[in-house]
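> Pasting the sequence and the predicted model now:
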Amino acid sequence: METLLFDSDDLGLTEAFLSRAYAGMRIGSSDPRAGRARIRRAAMPSVSVDELDLDFEMSYSVTPLGRICLCLVHEGTIQDHAFDGVKDTFGPGDVVSLAPPELPYSGRIRNARYTIAMLDTDLLAQVAAGAPGHRPGPVRLTGHRPHSPAAARQLRQTVGYVRDHVLTAPGLADQPLVASTAAQHLAAGVLAAFPNTASTDPTATDRNDARPTTLRRALAYIDDHAGEPITVADIAAAAYVTVRALQYAFRRHLDTTPLAHLRRVRLAHAHDDLRAADPLDGTTVTEVAARWGFFHAGRFAGLYRSAYGHPPHRTLAG
């Protein structure tokens, strides 16, 4: 996991840092006594979450980031934010996508405290539908604000969940399955919140492809690769169908989803590891859970109790 800290009241140093951490940008302030910029970043492959506190007014002009960039405003305002004919102002409680990855943007920050969450654009395609035999094509967001207040609240919770339960836990984000699961969780939250170009409804061909043979290939792939950071797109490619067809097959034949089944398989592996472990050698429930992609200890304990009738620490204790 990568961590980054910055604290300065020098506007030139702040501009240089922001250009290195995000993309090339120019910043300025009408106040010759520009205040302090405090920035803290935690990152893992494909995802980063930054906490920024700027206690002064600052204008910005930013070159394209090349990534999905979410902004969650806690205090203050971001005014006259503009890109490609769009102009908007954000305040406390707002969660927005700052701009399409390929476009520059500009605006003004006024004494604001906010969170920036960035993720690779490929993550959206990994959790969206695609053509058979290969990974899905690019997925674009078609609006910069969530489609409803409820969607905005859910996305804020998702960002906070990844930040507070993965990126701030020592060593947790370095677990490959944890990083992969958390990144997909965030990407799915983005697709659920914003209007986008992804197509998720099964077509007639998808329904025809949702056969038991498709399901068997998918189940075999999951069993063989449960210990790897696989995606829904990987499973669909292994079954030679679209993600839509794969999801429809799981709903039709098992009344579940591919990721829910993958989670159950990984839970079974975690159960086996807990049974085989010796608690006297220092093995912990948290360690085993993280090994199999479960990054929230409370949620893992709840899933485990539902599946096995008792908490995981009892299995570990023998």
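Received it, and whenever you're ready, just let me know what you need.

> you'd agree A23 is in a strand?
No. A23 is assigned coil when assessed by DSSP: H, G, I helix; E, B strand; the rest coil, not a strand.

> And it, how close does it get to C69?
Using Cβ to Cβ, to the nearest Å, we find A23 at a distance of 9 Å from C69. For the C-beta atoms, the positions are set from N, CA and C on the backbone; glycine is no exception.

> Between those two, which is the more surrounded one?
Counting neighbours by other Cβ atoms under 10 Å for A23 and for C69 shows that C69 has the greater number, 22 against 16.

> Roughly how far does the closest residue in space to that one that isn't next to it in sequence sit from L177?
Distance criterion Cβ to Cβ, 6 or more residues apart in numbering; nearest residue to C69, sequence neighbours excluded, is L98 at 4.5 Å. For L98, the distance to L177 (Cβ to Cβ) stands at 30 Å.

> Repeat that for E15.
E15 is 38 Å from L177, by Cβ to Cβ.

> mind checking the SS state of T3?
T3 ends up strand, using three-state DSSP.

> give the contact list for it.
R40, R41, A42, A43 (Cβ atoms under 8 Å, 6 or more residues apart in numbering).

> Go ahead and confirm the second one touches E2.
Yes. Contact status for R41 versus E2: in contact at 7.2 Å, counting by Cβ atoms under 8 Å.

> which residues do those two both contact?
The contact lists of R41 and E2 share S48, where a contact means Cβ under 8 Å, 6+ apart.

> How many residues are close by the residue nearest to C69?
22.

> quick one: pLDDT of it?
With respect to pLDDT, L98 scores 96.

> ok, the closest residue to V241 other than its chain neighbours to A128 distance?
Distance criterion Cβ to Cβ, 6+ apart; nearest residue to V241, sequence neighbours excluded, is D209 at 4.5 Å. For D209, the distance to A128 equals 17 Å [Cβ to Cβ].

> again, but for D223
Relative to A128, and taking Cβ to Cβ, D223 is found at 24 Å.

> Please apply the same query to G160.
23 Å.

> What is the worst-scoring helix or strand of the chain on mean pLDDT packed up against?
Of all regular secondary-structure elements in the chain, judged by mean pLDDT, DSSP states H and E, the least confident is helix 204-209 with a mean of 79. Judged by 3 or more Cβ pairs under 8 Å, 6 or more residues apart in numbering; DSSP states H and E, helix 204-209 is in contact with helix 243-254.

> Give me the distance from the helix it packs on to the chain's centre.
23 Å (Cα atoms, centre = their mean, to the nearest Å).

> For it, the averaged confidence score.
89.

> again with stretch 186-198
91.

> List every C-alpha atom in it, with coordinates, as PDB.
Presented in PDB, the C-alpha positions along stretch 186-198 are these (Å, rounded to 0.1, in the frame of the first residue of the first chain):
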ATOM      1  CA  LEU A 186     -15.900   0.500  -5.500                       C
ATOM      2  CA  ALA A 187     -16.200   0.200  -9.300                       C
ATOM      3  CA  ALA A 188     -19.600  -1.500  -8.900                       C
ATOM      4  CA  GLY A 189     -20.600   1.400  -6.600                       C
ATOM      5  CA  VAL A 190     -19.700   3.900  -9.200                       C
ATOM      6  CA  LEU A 191     -21.700   2.100 -11.900                       C
ATOM      7  CA  ALA A 192     -24.700   1.900  -9.600                       C
ATOM      8  CA  ALA A 193     -24.500   5.600  -8.700                       C
ATOM      9  CA  PHE A 194     -23.800   7.300 -12.000                       C
ATOM     10  CA  PRO A 195     -25.600   7.100 -15.400                       C
ATOM     11  CA  ASN A 196     -23.200   5.200 -17.700                       C
ATOM     12  CA  THR A 197     -22.900   3.300 -21.000                       C
ATOM     13  CA  ALA A 198     -22.800  -0.200 -19.600                       C
END
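
> Show me the shaky parts of the chain.
1, 32, 34, 129-137, 199-201 (pLDDT under 70).

> Now do the domain split for it, please.
Per automatic domain parsing, the structural domains of the chain span 2-121, 123-262, 263-316.

> count of neighbours near R140?
Neighbour tally, R140, other Cβ under 10 Å: 15.

> quick one: contacts for it?
P100, N196, T197.

> For it, which phi and psi angles does the backbone take?
phi -120, psi 150 (degrees, to the nearest 10).

> Ok, G293 next?
phi 90, psi 10.

> and the closest residue to it other than its chain neighbours, what element?
In this structure, G293 finds its nearest non-sequential neighbour in L177, 3.3 Å apart by Cβ to Cβ, 6+ apart. Element membership of L177 [criterion: DSSP states H and E] is helix 176-193.
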